[in-house]
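In: I would like to see how this sequence folds:
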Amino acid sequence: MEVRMSKKKSQIQHDAIVGRFAARLRELRHTRGLTQSQLGQRAKITASYVGRLESGGAAPGIDLVRRLAEALGTSVHDLLPVDSAPDTEAVLRDRAKRLFDDLVSRADRETLLMLVPLLARLGESPTRRR
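Out: So this is what the prediction gives:
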């Protein structure tokens, strides 16, 4: 009887930027309303590889970062966060503005009809600081 010992796969320890890239990639894909499969088709990679990128299990090459940025309609700079910025109020405000501007620029009439009353309600919120 032959006994085979399986080798344990070693986990590659990526730099912290890979994790920040993964989070940013996932965030941008969600804001664009894309599935992993749709993003993969646009960037010419498999959906499972998009999943690995979003989980931080793979680090993309420069050419793939460019293709992903193009597929998401953003810049390489926006997709590659240099530092993990703290979620200060100013950072959150800037992120919200970018997401909002992108949403409004792509929104159809139905989306705008839902968005306007929501924004009005948020503006009336008693927890809103003045």
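
In: contacts, neighbours, all on C-alpha from now
Out: Fine.

In: tell me which element residue 26 falls in.
Out: helix 16-31 (DSSP states H and E).

In: helices of the protein, residue ranges please.
Out: All helices of the chain, identified by DSSP state H, fall at 16-31, 36-43, 47-55, 62-72, 76-79, 89-106, 109-124.

In: dump those to CSV, plus mean pLDDT and mean neighbour count.
Out: Listed next are the helices of the chain as CSV, based on pLDDT from 0 to 100; neighbours: other CA atoms under 10 Å:
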stretch, mean pLDDT, mean neighbour count
helix 16-31, 90, 18
helix 36-43, 96, 18
helix 47-55, 95, 18
helix 62-72, 95, 17
helix 76-79, 88, 15
helix 89-106, 86, 12
helix 109-124, 90, 11
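
In: and the gap between the residue nearest to residue 29 when sequence neighbours are not counted and residue 45?
Out: Ranked by CA to CA, 6 or more residues apart in numbering and with sequence neighbours excluded, the top spatial neighbour of residue 29 is residue 72, at 6.8 Å. From residue 72 across to residue 45, the span is 14 Å (CA to CA, to the nearest Å).

In: now swap in residue 67 and tell me
Out: For residue 67, the distance to residue 45 - CA to CA - is 10 Å.

In: so the residue nearest to residue 29 sits against residue 30, correct?
Out: No. Using CA atoms under 8 Å, residue 72 is not in contact with residue 30; the gap is 10.1 Å.

In: give me the domain ranges for this structure.
Out: Using automatic domain parsing, the domains assigned to the chain come out as 13-83, 85-130.

In: starting at the chain centroid, how far to the shortest one?
Out: Pointing back at domain 85-130 there. 18 Å (CA atoms, centre = their mean, to the nearest Å).

In: go on, the longest one?
Out: When C-alpha coordinates are averaged (CA atoms, centre = their mean), domain 13-83 and its chain have centres 7 Å apart.
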